[in-house]
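Asks: my questions concern the predicted model and sequence given below.
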Amino acid sequence: MPSERRLHPVSILFGLGGQLRQFALPGLLVLVTAGSAGLDWQVWLLLLLVPYALVSVGRYVAFRYRYEANEMVIRSGLVFRNERHVPYARIQNLDAVQNVLHRLLGVVVVRVETGGGQEPEATMSVLPMAAFEEMRRRVFEQRASVPVAAEDQAPSTDSVQPLLHLPPRELMLFGLIQNRGVVVIAAAFGLLWELGLMERLSDRLFGEQARGRGVVRDFVAALFGGDGGLAVRHVALTLAAFAALLLLVRLFSVGWALVRLYGFRLTRTGEDLRADFGLFTRVVATIPVRRIQTLTVQEGPLHRLFRRVSVRVETAGGTGGEDGASQREWLAPIVRRERLHEFVREVLPDLAIDGITWRPVHPRAFRRAVKEWVAVAVALALPFVALLRWWDLVLLVVLLAWAFVAARAHVAHLGWTSTDGAVLFRSGWLWRQISVARFTKIQAVVLRESPFDRRAAMARLAVDTAGAGHASHRVAIPYLPRETARDLHDRLATEAARTAFRW
């Protein structure tokens, strides 16, 4: 029997460190409050960490893995033993994550993912870098001998083909577009509010009488009151504070992008794409081309301003771990618009998204959409209109006008088309998205008709692929003419049934 391998001995320390992180804040509170209250006996509660240290040692001792001819065998557990046999051909991804401490010690966290389940098949924390490279070599050599569909085949060369490299300037631009700093600012705002610092800032801006909800009341009173100078001062301070907040949010987002995606490189070796990124925590994510289920091109207002787009993919398999799986979806966080078509052809040679003639939805789709937008506008304005003030009626008119414009733009940007090997769907007018699903990746085609659809002789067509998330931009085409929807449904179902599905 092939010899079994162990994790790196420092796995014990990393396992204990993971437990300590959970007890860091409660333990600190115990140490501070116990001493101040004269209850020194509470400090002994920290001895409860000893069992966790024993658990870390037990996990290290019990964890084994070995390489068989066609599979990798992973054993774990002392009391309840678990032995998993993972065929090489079923391994979708081998993701490696390294933070600063990992790099100093020359180790790596490895996630083994297959085509089923929402969690990794195994998480190995931690392995030596040499062991990880050996695992990659063994898995990819065995997987290369498995036949795949012609449209999923990559060039036979084993050389590394660079596809995309993002310099710091592009990453800063990506952070500016993504605006990820909102979460950080919201957390900081909550902390400052709990510490009472927001009230001090409010006192400086609006006076000591302005507290809590009174800030808005006093601001409106100053704005429409008789003291014009005070009103101008309050308006200027409020606008300046708001502008500073927006700038701070963008700066946080730019910093997040630089740290999270530093040195982003996308390369291709055989049938695998490899994304490598990260400043402090280095991530190496593998994206098998044949596992790509859908490809989505995203374009927001700032994307159009800077002539950029973002490309995401969905792969079949687990989504365990933010570092690996969720970031793997970013095939190209940002890429120049004029290079988009070339980039897509390099990734999926059988797929072309240039020169597409989009087909519109039903001519009466606007009548359906505008009713939905008007209902939302009325629901938003109803609490204000109930006050029966003239500016509340103005708000209702503005919302209704916005509903009309938004519904018109929404329907105008809906479109779909089908090629010899894929179906494409676009939607959105401010934040536009185009999704592509190849026939070989379609698992189900669903035709839906609501009572409103039947009355208007319309239908909705949805295409399901493996790995599609609820928040993803799926190929779900609304407001189709009934006959068109049925014809497209029959064609996609026939193509999907005729083509062998490949994991």
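Replies: The structure has been received and is ready for your questions.

Asks: show me where the stretch 351-500 of the chain has helices.
Replies: 365-385, 390-412, 451-455, 482-498 (DSSP state H, counting those that start in this stretch).

Asks: which other helices and strands contact the longest one?
Replies: Right, the one you point to is helix 390-412. In terms of contacts (3 or more CB pairs under 8 Å, 6 or more residues apart in numbering; DSSP states H and E), helix 390-412 is packed against helix 365-385. Where C-beta positions appear, they are placed from N, C-alpha and C, glycine not excepted.

Asks: tell me the angle the helix it packs on makes with helix 390-412.
Replies: Per axes from the mean of the first three to the mean of the last three CA atoms, to 10 degrees, the angle that helix 365-385 makes with helix 390-412 is 160 degrees.

Asks: now helix 365-385: buried residues?
Replies: Using 16 or more other CB atoms under 10 Å as the test for burial, helix 365-385 gives Ala365, Phe366, Arg368, Ala369, Val370, Trp373, Ala377, Ala381, Phe384.

Asks: pLDDT of that helix, averaged?
Replies: Regarding helix 365-385, the rounded mean pLDDT is 87.

Asks: now do the contacts for Tyr65.
Replies: Residues near Tyr65 by CB atoms under 8 Å, 6 or more residues apart in numbering: Glu4, Arg5, Met72, Val73, Ile74, Arg75, Ala122, Met124.

Asks: quick one on the thing from earlier: switch the buried residues of helix 365-385 over to JSON lines; also include distance to Pro333.
Replies: Below are these laid out as JSON lines (distance: CB to CB, whole Å):
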{"residue": "Ala365", "distance to Pro333": "33"}
{"residue": "Phe366", "distance to Pro333": "35"}
{"residue": "Arg368", "distance to Pro333": "35"}
{"residue": "Ala369", "distance to Pro333": "32"}
{"residue": "Val370", "distance to Pro333": "35"}
{"residue": "Trp373", "distance to Pro333": "32"}
{"residue": "Ala377", "distance to Pro333": "35"}
{"residue": "Ala381", "distance to Pro333": "38"}
{"residue": "Phe384", "distance to Pro333": "40"}
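
Asks: nearest to His85, out of the helices of the stretch 351-500 of the chain?
Replies: helix 482-498 (30.4 Å; CB to CB).

Asks: so what touches the closest one?
Replies: 418, 423, 439, 442-445, 447, 449, 453, 457-461, 463, 477, 480.

Asks: any of the contacts of Tyr65 buried? List them.
Replies: Buried, going by 16+ other CB under 10 Å: Arg5, Met72, Val73, Ile74, Ala122, Met124, out of the contacts of Tyr65.

Asks: tell me which of the helices of the stretch 351-500 of the chain lies nearest to Glu314.
Replies: helix 482-498 (16.8 Å).

Asks: show me the longest helix that occurs in this structure.
Replies: helix 228-260 (DSSP state H).

Asks: and that one, what other elements does it pack with?
Replies: helix 168-178, helix 181-194, helix 197-206, helix 214-224.

Asks: next, the angle from it to helix 168-178.
Replies: Going by the same axes, to 10 degrees, helix 228-260 makes 130 degrees with helix 168-178.

Asks: report the distance from helix 228-260 to the chain centre.
Replies: 27 Å (CA atoms, centre = their mean, to the nearest Å).

Asks: which residues of the stretch 201-350 of the chain score low on pLDDT?
Replies: For the stretch 201-350 of the chain, the stretches flagged by pLDDT under 70 are 201-235, 316-329.

Asks: what do you get if the cut-off is 80, keeping everything else the same?
Replies: 201-239, 241-242, 245-246, 315-329 (pLDDT under 80).

Asks: and what of the stretch 1-150 of the chain?
Replies: In the stretch 1-150 of the chain, residues with pLDDT under 80: 1-3, 18-53, 55, 92-93, 114-121, 140-150.

Asks: now the phi/psi pair for Glu141, please.
Replies: phi -70, psi -40 (degrees, to the nearest 10).

Asks: how much space between it and Glu4?
Replies: 20 Å (CB to CB, to the nearest Å).

Asks: do Ala96 as well
Replies: Relative to Glu4, and taking CB to CB, Ala96 is found at 21 Å.

Asks: go on, Ala493?
Replies: 48 Å.

Asks: what's the answer for Arg138, then?
Replies: 15 Å.

Asks: equivalent analysis for Val108, please.
Replies: For Val108 relative to Glu4 (CB to CB), the value is 19 Å.

Asks: and for His473?
Replies: For His473, the distance to Glu4 - CB to CB - is 44 Å.

Asks: burial measure for the residue lying closest to Arg75 once chain neighbours are set aside, as a count.
Replies: Nearest residue to Arg75, sequence neighbours excluded (CB to CB, 6 or more residues apart in numbering): Arg64, at 4.4 Å. Around Arg64 sit 15 other residues, with neighbours defined as other CB atoms under 10 Å.

Asks: cool, and Phe174?
Replies: 29.

Asks: what sits against it?
Replies: Leu166, Ala257, Leu261, Ser310, Pro333, Ile334.

Asks: so which of the residues you listed comes closest to Glu68?
Replies: Distances from Glu68 to those, taken by CB to CB, are shortest for Leu261, at 37.0 Å.

Asks: can you tell me how far the residue nearest to the closest one when sequence neighbours are not counted is from Ala96?
Replies: Excluding the flanking residues, the one nearest Leu261 by CB to CB, 6+ apart is Phe277, at 4.7 Å. Counting by CB to CB, the gap from Phe277 to Ala96 is 12 Å.

Asks: which neighbours do the two share?
Replies: Joint contacts of Phe277 and Ala96 (CB under 8 Å, 6+ apart) are Val283.

Asks: count the residues that sit near Glu170.
Replies: So Glu170, with other CB under 10 Å, has 20 neighbours.

Asks: tell me the spacing between it and Ile177.
Replies: On the measure of CB to CB, Glu170 and Ile177 end up 10 Å apart.

Asks: same question for Ser253.
Replies: 8 Å.

Asks: and for Ala122?
Replies: Counting by CB to CB, the gap from Ala122 to Ile177 is 36 Å.

Asks: also Thr267?
Replies: Counting by CB to CB, the gap from Thr267 to Ile177 is 24 Å.

Asks: so for the two, which sits in the more crowded spot?
Replies: Ile177 (24 against 16).

Asks: that one against Val309, yeah?
Replies: No. Using CB atoms under 8 Å, Ile177 makes no contact with Val309, being 10.1 Å away.

Asks: what touches both of these two?
Replies: His303, Ile334.

Asks: any regions of the stretch 351-500 of the chain where pLDDT drops low?
Replies: 352-355, 382-393, 466-472, 497-500.

Asks: residues near Pro120, how many?
Replies: The tally of other residues near Pro120 (other CB under 10 Å) stands at 21.

Asks: Arg21 too?
Replies: 9.

Asks: follow-up on the earlier one: quick check on the residue nearest to Arg75: phi, psi?
Replies: phi -140, psi 150.

Asks: show me the contacts for it.
Replies: Glu4, Arg5, Arg6, Ile74, Arg75, Ser76.

Asks: chain center to stretch 280-298, what's the gap?
Replies: With CA atoms, centre = their mean, you get 11 Å for stretch 280-298.

Asks: excluding its backbone neighbours, what's nearest Val259?
Replies: The nearest residue in space to Val259 (CB to CB, 6+ apart) is Leu279, at 4.8 Å.

Asks: isn't there a strand covering that neighbour?
Replies: No. Leu279 is assigned coil when assessed by DSSP: H, G, I helix; E, B strand; the rest coil, not a strand.
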